[in-house]
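Undergrad: model this:
(2 chains)
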2 protein chains.
Amino acid sequence: MKGAVLDRGLRAASVLRRPTPRAAGPDAVVEEIAAALDALHGLARDRGLPVRAAGVVVPGIVDEAAGRAVRAVNIGWRDLPLAALLEERTRGPVALGHDVRAGSLAETVAGAGRGARDVLFVALGTGVASAVVGDGRVVSAGGHAGELGHVVVEPGGARCACGGRGCLETVASAAAVAAAYTARSGRAVDGAAAVAALVARGDRVAREVWERAADALAGALATATTLLGTELIVLGGGLARAGGLLLDPVREGLARRLTFQRPPAVTGAAFGDRAGCVGAGVLAWRRADAGAVAA
Amino acid sequence: MKGAVLDRGLRAASVLRRPTPRAAGPDAVVEEIAAALDALHGLARDRGLPVRAAGVVVPGIVDEAAGRAVRAVNIGWRDLPLAALLEERTRGPVALGHDVRAGSLAETVAGAGRGARDVLFVALGTGVASAVVGDGRVVSAGGHAGELGHVVVEPGGARCACGGRGCLETVASAAAVAAAYTARSGRAVDGAAAVAALVARGDRVAREVWERAADALAGALATATTLLGTELIVLGGGLARAGGLLLDPVREGLARRLTFQRPPAVTGAAFGDRAGCVGAGVLAWRRADAGAVAA
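TA: As a prediction, this is how the structure comes out:
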């Protein structure tokens, strides 16, 4: 887990990183989040900075309005009133958020999506997640919105962890790209970054795997644009670190598919893997300001 | 065009219908809308009802916030400041809206979607249009959101009016269903309602055409649900008048496709072809209330 003490300009005064004790179960993870918040409070105190509020963002299905971590397969909690639990532990206001939606908030408030109102923020990592921003607001739908990774792009295709077949995640996640290269070449590879490096060096199999992933992504993005009227697509997560190698074929695949739609710009994320952390800071400041108005 | 004098409970005191002079060009249509508003003002006056505001909803790309009719292929206007033009003509406040988004507003405020916060309202008519409601708000995206009819359901399929191929509209609009039946059977048919009647009577070709349409619709709805976290799908427009004949296979096709997603309820629209008119009334009352607050 990552944490930071962020000023109102979202600049980090202190940063904290520690492992998430997933294997020890959900209660241990909650304890560790509380301990990390304590440590961040301490870091702020050391620098003479008053803490106004905390923002905590987690993966899975999160109901921000209710402050509940509804479900996270990786962690194992179910319908946990996480905001209230952490407020009790830290005796301060805590805003709960979703990691990817918070990332979209960071990017639209202060990053690559600044000023845009209709944005799709995509996190291409082990899985594929996204956050929908419509009319300037992040759409949560009780935590259920934004599952771009499970849009079907190859009907009847590979089995997905969700139980479906041919989901985008089975083709265009960093994990899927690495696995597809290994399956086709017989050579083990150290993640999608290594496949990207092979593409740049002209490896034929790597190029085919990469093109298939970028084209599947472009297809899902075209569908999302058609439904949502997206004006800007921000690609983040490990796979997006490939820059133009990913952005160019995605832009091309999108342009090929769209007809009458307003064509969205496609860009890389500004905050990289810090987007969730910065977004948690946005949530914390909003919570602090809401508290100030209420008081 | 349809118009009505609606009280705060959205009950119609008077209703007006007159043809839209499309062939006479966009200016004539604007004149006719203004004349219809004058006529409705007269009807209200006759009954001693003070008119607080007007709501006007039109097809195409509509930017509600700016009061502009950005584009409508059927009518021919381009970036027209329609709300301002009509306010000048009628000397009263006019809220401009989009026909399908206004329909979704009618259904969520007072119809089949009452109380639901994450809704997809689908109008299955000559084309297929939809409106996205997320976190209780209609998403406009400057008028570009909700083009469900142009989600590709049969890659490389039939040419669509939009220039693409295999769009939902080429398979599951009322027009496409009637055309597909005629193409396959060689028999002319009076619209999708006649095909529905043939399905009910056990006609094999009609059943195949119908099943293909319902299944394509279910596929597009599954994608929309995955992206939007939809909790309720409201089907309206001519094709939805078939009731269970459409709702049942759509529900079945949706259930077959969804895995981890929150399964949305699927229901028919409450207002039928009056949804846009009632939604215009919702917009008018909101405009009246906003004006009262501002004054």
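Undergrad: and A:P264, what is it in contact with?
TA: Shown in contact with A:P264 (Cβ atoms under 8 Å, 6 or more residues apart in numbering or on different chains): A:L120, A:L221, A:T225, A:T230, A:E231, A:L232, A:I233, A:L254. Any C-beta I mention is one placed from the backbone N, CA and C, and that applies to glycine too.
Undergrad: could you give me the average pLDDT of stretch A:189-205?
TA: On average, the pLDDT along stretch A:189-205 is 96.
Undergrad: List the buried residues in that stretch.
TA: By neighbour count on 16 or more other Cβ atoms under 10 Å in any protein chain shown, the buried set for stretch A:189-205 is A:V189, A:A192, A:A193, A:A194, A:V195, A:A196, A:L198, A:V199, A:D203, A:V205.
Undergrad: In contact with A:L96, which residues?
TA: Counted by Cβ under 8 Å, 6+ apart, A:L96 has contacts A:V56, A:V57, A:V58, A:V62, A:E64, A:G67, A:R68, A:A69, A:L82, A:A83, A:L86, A:L283.
Undergrad: re earlier: among the contacts of A:P264, which are in reach of chain B?
TA: Contacts with chain B within the contacts of A:P264, as defined by Cβ under 8 Å from any Cβ of the partner chain: A:T230, A:E231.
Undergrad: of all the contacts of A:L96, which comes closest to B:A24?
TA: Closest approach to B:A24 among the contacts of A:L96 (Cβ to Cβ): A:E64, at 50.9 Å.
Undergrad: Ends of stretch A:114-125, what's the gap?
TA: With Cα to Cα, to the nearest Å applied, stretch A:114-125 spans 23 Å between its terminal residues.
Undergrad: List the buried residues of it.
TA: Neighbour counts over stretch A:114-125 (16+ other Cβ under 10 Å) mark A:A116, A:R117, A:D118, A:V119, A:L120, A:F121, A:V122, A:A123, A:L124, A:G125 as buried.
Undergrad: In strands, which of the contacts of A:P264 appear?
TA: A:L120, A:L232, A:I233 (DSSP state E).
Undergrad: At the contact with chain B, which residues of chain A appear?
TA: A:117-118, A:130, A:132, A:134-135, A:137, A:139-148, A:150-152, A:160, A:162-164, A:219, A:222-224, A:226-231, A:257, A:259-262.
Undergrad: just checking, which of the residues you listed belong to strands?
TA: A:S130, A:V132, A:G134, A:R137, A:V139.
Undergrad: Now the residue lying closest to A:W210 once chain neighbours are set aside: phi and psi?
TA: Distances taken as Cβ to Cβ, 6 or more residues apart in numbering or on different chains place A:V199 nearest to A:W210, at 4.8 Å, with adjacent residues excluded. Phi and psi for A:V199, reported as degrees, to the nearest 10, are phi -60, psi -50.
Undergrad: Setting aside sequence neighbours, what's the nearest residue to the one residue sitting closest to the centre of chain A?
TA: Centroid-nearest residue in chain A, with Cα atoms, centre = their mean: A:V100, separated by 3.0 Å. Taking Cβ to Cβ, 6+ apart, and ignoring the residues beside it in sequence, A:V100 has A:A129 as its nearest neighbour in space, at 4.4 Å.
Undergrad: and what of A:G97?
TA: A:V57 (4.1 Å).
Undergrad: do the same with A:L217
TA: A:A172 (4.4 Å).
Undergrad: Roughly how far does the one you found sit from A:V209?
TA: Computed as Cβ to Cβ, to the nearest Å, the A:A172 to A:V209 distance reads 10 Å.
Undergrad: of these two, who's got more company?
TA: Here A:A172 and A:V209 are compared on neighbour count by other Cβ atoms under 10 Å in any protein chain shown; more neighbours surround A:A172, at 30 against 27.
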